[in-house]
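Asks: For reference, the sequence and a predicted model appear below.
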Amino acid sequence: MADIKVAILGFGTVGEGVYRTIHSHEEELTAVLGKKVEVAAVLIKNKQKQRNISENILITTDFEEILSLPQLDVVVEAIVGKEPTFTFLKKAISKGCHIITANKEMFAHHGKELLELAKKNNVSVGFEATVAGGIPIIQTIRQLLKINQVRQIQGILNGTSNFILTEMREKKHSFAAALVQAQENGYAEADPTNDVEGFDAFYKTMILSKIAFGIEPNWEEVEREGITSISIDHIEAAEKLGLRFKHIASLNREGSHLVGSVKPALVTKSHPFYHVEGVDNAVCVQTDIVGRISLQGPGAGMFPTASAVIEDLVYVVQNQHSNLKLYHADNDHDLQKIDDAKELWFVHGLKENMINSQITWIDQITEEAIIIQATKQELEQLAAKHESIRFFSILGDYETKNKNKAEALAAL
Ligand SMILES: NC(=O)c1ccc[n+]([C@@H]2O[C@H](COP(=O)([O-])OP(=O)(O)OC[C@H]3O[C@@H](n4cnc5c(N)ncnc54)[C@H](OP(=O)(O)O)[C@@H]3O)[C@@H](O)[C@H]2O)c1
């Protein structure tokens, strides 16, 4: 019986983790697949770097050399950026290889084409590692929720942002100081834009959307905001009421509407994200039959990510085709924003005399921060008039301690 031959593209944190895990879990893989998994080749960029790779493995900077191997079954891609990875993976699929990728930016842009090409070529695509690192959220939605209809997904999908928010709250650090700490710990890149401005979480959200809903919102319609404007004042005011800032990706389906956003919000103690701290990720899936399921775990790192890739390896070798219907929603009706519902908001910089009668005052936290009930549209109108206002939605059950406004003001 022939071995399963694998090529690993990229030998950084993820590529090396996959390589080491294939060796450390050789017996388990053989037992599950009935064949030995063998790394046949590794693609890198810089040939001068020292690497701990067996001598009998092809190490090359030329992808064509890998494609010309006499046998190649699976290509694992762990490179950064959309190209040349998309081109490599198209070629691999056309040659009849299953592919597995950890590259969310590339997959958010080109996943649909890769899945369609894979279907034509009768091969599978694994992309568990693109979202929430070691948390098996894609497989959970894909395998376990075949009959359930997903209604809502919420996620903390970027460990760097979550680490920074945790540091700011626990250590009273400014955003800048917490970012330096994240960089020193190896959680944030020298250029942290992708993480702290919400791009990384945005790509992951779009991938989740395709899996859970079969469609993704029009990218331009998705509100994307990072964590750079959250100040220590906001965090301390929220803390007074036991609220915690989290950077939350959400997808909500109501009838034919699918609304996506990636932005900071506050969670109450009753919300599953309240205790998700540091670099951890978490995802809550709300469905019609089972209700709410929450998964939490390491969102990145060598072995958590390798775990996702190795589980995908078993999945693709067993050639379990996905039957996803992937298309961009192009109907305006589908993209209509649901902004007429009254929600609870934490608002900073709003004075009592700015509030009109449509907005319900709920709680006063500090002189600067209040909690109100209003529609998003009402708040946006207020913020357009008063530039100093910052507002964040509150997720989870919120109970006010004060019986009335006078009591709350007196307690200040
Ligand atoms: N790190 C994580 O925890 C994590 C978690 C989930 C997903 N991901 C995703 O996984 C991918 C890899 O991340 P990483 O952290 O492992 O990155 P990394 O440590 O920077 O490693 C990237 C690897 O890709 C190689 N490479 C870059 N450009 C190449 C090219 N044009 N041709 C061939 N090889 C090339 C590099 O080669 P050299 O070694 O020669 O420079 C390096 O080995 C990214 O898309 C990332 O978003 C990462």
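Replies: Alright, I've got the coordinates.

Asks: Which strand or helix spans the residue lying closest to residue 51 once chain neighbours are set aside?
Replies: Using C-beta to C-beta, 6 or more residues apart in numbering and skipping residues adjacent in sequence, the residue nearest residue 51 is residue 11, 5.9 Å away. For the C-beta atoms, the positions are set from N, CA and C on the backbone; glycine is no exception. In this assignment (DSSP states H and E), residue 11 forms part of neither any helix nor any strand.

Asks: How about the contacts made by residue 11?
Replies: Applying C-beta atoms under 8 Å, 6 or more residues apart in numbering, we find residue 11 in contact with 19, 42-44, 51, 53, 78.

Asks: Could you measure from it over to the ligand?
Replies: Computed with C-beta to the nearest ligand atom, to the nearest Å, the distance linking residue 11 and the ligand is 4 Å.

Asks: From residue 68, how far off is that residue?
Replies: Distance, residue 11 to residue 68, using C-beta to C-beta, to the nearest Å: 20 Å.

Asks: Residue 28 now?
Replies: 31 Å.

Asks: how about the residues of this protein near the ligand?
Replies: Neighbours of the ligand within the chain, by C-beta under 6 Å from any ligand atom: 10-15, 43-46, 49, 78-80, 84, 102-104, 129, 133, 300-301, 305.

Asks: same thing but at 5 Å, please
Replies: 10-14, 43-46, 78-80, 102-103, 300-301, 305 (C-beta under 5 Å from any ligand atom).

Asks: from those residues, which ones fall inside strands?
Replies: residue 43 (DSSP state E).

Asks: Which of the residues of the chain next to the ligand fall in helices?
Replies: Members of these lying in helices (criterion: DSSP state H): 13-14, 305.

Asks: Let me see the backbone angles for the residue nearest to residue 51.
Replies: With angles defined as degrees, to the nearest 10, residue 11 sits at phi -130, psi 50.

Asks: What residues sit buried inside stretch 216-228?
Replies: 216-218, 221-222, 224-228 (16 or more other C-beta atoms under 10 Å).

Asks: Of these, which is the nearest to residue 381?
Replies: residue 225 (18.4 Å; C-beta to C-beta).

Asks: right, and residue 200 touches residue 158 too?
Replies: Yes. At 5.2 Å, residue 200 and residue 158 qualify as touching, with contact defined as C-beta atoms under 8 Å.

Asks: more crowded one of those two?
Replies: More neighbours surround residue 158 than the other of residue 200 and residue 158, with 28 against 24 (other C-beta atoms under 10 Å).

Asks: Can you tell me the closest non-neighbouring residue to that one?
Replies: In space, residue 158 is closest to residue 201, 4.4 Å off (C-beta to C-beta, 6+ apart).

Asks: now swap in residue 36 and tell me
Replies: Using C-beta to C-beta, 6+ apart, the nearest residue to residue 36 is residue 3, at 4.5 Å.

Asks: Contacts only, for that neighbour.
Replies: So residue 3 contacts 35-38 (C-beta under 8 Å, 6+ apart).

Asks: Most neighbours out of those, which is it?
Replies: residue 37 (22 neighbours).

Asks: list the contacts for that one?
Replies: 3-4, 6, 22, 26, 29-30, 313.

Asks: Which single residue in this structure comes nearest to the ligand?
Replies: The ligand sits closest to residue 12 of the chain, with a gap of 1.8 Å, by C-beta to the nearest ligand atom.

Asks: correct me, but that residue touches residue 78?
Replies: Yes. Here residue 12 reaches residue 78: they are 6.6 Å apart, a contact under C-beta under 8 Å.

Asks: which one of the two has more residues nearby?
Replies: Under the criterion of other C-beta under 10 Å, the comparison of residue 12 against residue 78 puts residue 78 first, with 26 against 14.

Asks: dump the residue contacts of that one.
Replies: The neighbours of residue 78, taking C-beta under 8 Å, 6+ apart as the test, are 8-12, 14-15, 18, 101-103, 309.

Asks: same thing but 7 Å
Replies: 8-10, 12, 14-15, 18, 102 (C-beta atoms under 7 Å, 6 or more residues apart in numbering).

Asks: Over to residue 202?
Replies: Residues in contact with residue 202 (C-beta under 7 Å, 6+ apart) are 222, 224, 262.

Asks: Just the buried ones from the contacts of residue 78?
Replies: Counted by 16+ other C-beta under 10 Å, the contacts of residue 78 give 8-10, 14-15, 18, 102 as buried.

Asks: Would you reformat those residues as a markdown table and include pLDDT and distance to residue 255?
Replies: Output for the buried ones among the contacts of residue 78, formatted as a markdown table (pLDDT from 0 to 100; distance: C-beta to C-beta, whole Å):
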| residue | pLDDT | distance to residue 255 |
| --- | --- | --- |
| 8 | 98 | 44 |
| 9 | 98 | 42 |
| 10 | 98 | 42 |
| 14 | 96 | 39 |
| 15 | 97 | 43 |
| 18 | 98 | 42 |
| 102 | 97 | 35 |
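
Asks: and of those, the nearest to residue 90?
Replies: Distances from residue 90 to these, taken by C-beta to C-beta, are shortest for residue 9, at 12.8 Å.

Asks: and the closest one, what does it touch?
Replies: Applying C-beta under 7 Å, 6+ apart, the residues near residue 9 are 43, 75-79, 88.

Asks: May I have the residues that are in contact with the residue nearest in space to the middle of the chain?
Replies: Of all residues in the chain, the one closest to the mean position by C-alpha atoms, centre = their mean is residue 157, 3.2 Å from it. By C-beta under 7 Å, 6+ apart, the contact set of residue 157 is 131-132, 201, 204-205, 249, 281.

Asks: Quick check: pLDDT value at it.
Replies: Residue 157 is assigned a pLDDT of 98 by the prediction.

Asks: Please apply the same query to the one 10 residues further on.
Replies: Among the per-residue scores, residue 167 holds a pLDDT of 97.

Asks: try residue 1
Replies: What the model reports for residue 1 is a pLDDT of 61.

Asks: can you pull out the strands in the stretch 101-250 of the chain?
Replies: Taking DSSP state E, counting those that start in this stretch as the criterion, the stretch 101-250 of the chain carries its strands at 125-126, 150-156, 215-216, 223-224, 244-254.

Asks: And the helices in the stretch 51-200 of the chain?
Replies: Per DSSP state H, counting those that start in this stretch, the stretch 51-200 of the chain carries helices over the ranges 63-67, 85-94, 104-120, 137-139, 159-171, 175-184, 193-196, 199-213.

Asks: and the first one, what other elements does it pack with?
Replies: So that's helix 63-67. strand 37-43 (3 or more C-beta pairs under 7 Å, 6 or more residues apart in numbering; DSSP states H and E).
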